[in-house]
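Novice: From the sequence below, what's the structure:
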Amino acid sequence: MVDYTEEDLERFAPNDALLQQLGEAEARGDEAAVDAIRRQIIYPAETLLAIKETRGADWLRRKGWRLDEADRKYGKDWLDRDVVA
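Specialist: Model prediction:
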């Protein structure tokens, strides 16, 4: 379990509305909207690292997801090197 500070939680606050929109788009079957919303969501660094380890760095690059949190925590080059969390 990751302990988030108040500052961390504030950075993730925009996800509240995005996750609502994502659920609505999924319910409509609107895959284009689902993909667009997923590219706006702020993902936790730990989640992105787990995805990198299971799907690969190129998969994340192709998806175009926001990598801000992982860049902040692991450094801008984290997709291209081994990261020990």
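
Novice: I'd like to know which helix or strand in this structure has the lowest mean pLDDT.
Specialist: Least confident helix or strand, the chain: helix 6-12 with a mean of 92, by mean pLDDT, DSSP states H and E.

Novice: Tell me which other helices or strands the next helix-or-strand element following that one touches.
Specialist: Moving toward the C-terminus from helix 6-12, the next helix or strand (DSSP states H and E) is helix 15-28. Helices and strands in packing contact with helix 15-28 are listed as helix 31-38; criterion 3 or more Cβ pairs under 8 Å, 6 or more residues apart in numbering; DSSP states H and E. Using the backbone N, CA and C atoms, a C-beta is placed for each residue, glycine as well.

Novice: on contacts alone, who are the packing partners of the strand or helix carrying Trp59?
Specialist: Mapping Trp59 onto the secondary structure by DSSP H and E places it in helix 57-63. Under the contact criterion of 3+ Cβ pairs under 8 Å, 6+ apart, the helices and strands touching helix 57-63 comprise helix 45-55.

Novice: Contacts only, for the closest residue to Arg61 other than its chain neighbours.
Specialist: For Arg61, the nearest residue in space outside its immediate sequence neighbours is Leu79; the separation is 7.0 Å by Cβ to Cβ, 6 or more residues apart in numbering. With contact taken as Cβ atoms under 8 Å, 6 or more residues apart in numbering, Leu79 is in contact with 52, 57, 60-61, 67.

Novice: Can I have the buried ones of those as a PyMOL selection?
Specialist: In PyMOL, a selection of the buried entries from those looks like this (16 or more other Cβ atoms under 10 Å):
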select buried, resi 52+60+67
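
Novice: Check whether the residue nearest to Arg61 sits in a helix, strand or coil.
Specialist: helix (DSSP: H, G, I helix; E, B strand; the rest coil).

Novice: mind checking how far Arg17 is from Ala45?
Specialist: In this structure residue 17 is Ala, not Arg. In this structure, Ala17 and Ala45 are separated by 21 Å, where distance is defined by Cβ to Cβ, to the nearest Å.

Novice: what about these two, which has more around it?
Specialist: For Ala17 against Ala45, the residue with the higher neighbour count under other Cβ atoms under 10 Å is Ala45, and the figures read 19 against 11.
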